[in-house]
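A.B. asks: Please work out how this folds:
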Amino acid sequence: MTIFNRIYFPAIKNSFKTKESEIFQKGSDVQFITPILFKEECLMCHKTSRIDDVAGAILVEHSILDVKISFKEIINMTIILFIIVILVLFNTWFYFLKKYFISPIDSLIHQISKHQTHKDSKTKILIDSKIKEVKFLDKTESFFVFNSLK
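C.D. replies: Model (predicted):
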């Protein structure tokens with residue numbers, strides 16, 4: 001038995017049994033084995049064979065370390081990755097900005113405008129914010145001065 005047969009015999013033997021392709025890694029190489037099956041036109045010359053019998057196998061071996069990618073593909077992948085990272089960061093920043101800054105101030109403006117139209121100075125304006133400066137307004141009486149002037 002030659003070295004080739006000892007190394008590849010189990011995979012080739014399995015390919016003949018299962019009639020299915022296999023991809024596997026052996027060391028720093030990727031190996032692909034696929035069986036060649038007899039078709040109807042093959043039977044004209046190979047009289048003793050039947051359709052879908054295994055005629056042979058193709059073995060392709062390629063080193064993982066010898067993969068070549070063009071510079072253009074690397075640049076394209078880098079640009080796409082950069083755009084995705086920027087979009088994710090921007091969307092995250094916008095979400096937190098809206099949640100903790102814009103929405104509380106929007107709610108405050110809505111409540112103030114509601115108080116001004118109804119001339120209601122007894123109802124307390126609720127400030128739901130984690131911003132220290134905006135929360136400070138809740139503790140000050142000068143915030144409600146506009147109601148007393150009317």
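
A.B. asks: Dihedrals phi and psi, the residue most central in space within the chain?
C.D. replies: Nearest to the mean C-alpha position of the chain, by CA atoms, centre = their mean, lies Ile84 at 9.8 Å. Backbone torsions of Ile84, given as degrees, to the nearest 10, read phi -60, psi -40.

A.B. asks: before we move on, what about Leu81?
C.D. replies: phi -60, psi -40.

A.B. asks: State the distance from it to Leu43.
C.D. replies: In this view, Leu81 and Leu43 are 53 Å apart by CB to CB, to the nearest Å. (Each C-beta comes from the backbone N, C-alpha and C, glycine too.)

A.B. asks: Please identify which of those two sits among more neighbours.
C.D. replies: When Leu81 and Leu43 are compared for neighbours, Leu43 comes out ahead with 14 against 10, by other CB atoms under 10 Å.

A.B. asks: Ignoring the adjacent residues along the chain, who's closest to the more buried one?
C.D. replies: Nearest non-adjacent residue to Leu43, counting by CB to CB, 6 or more residues apart in numbering: Ser49, 6.3 Å away.

A.B. asks: So for that neighbour, what pLDDT did the model give?
C.D. replies: Ser49 carries a pLDDT score of 89 in this model.
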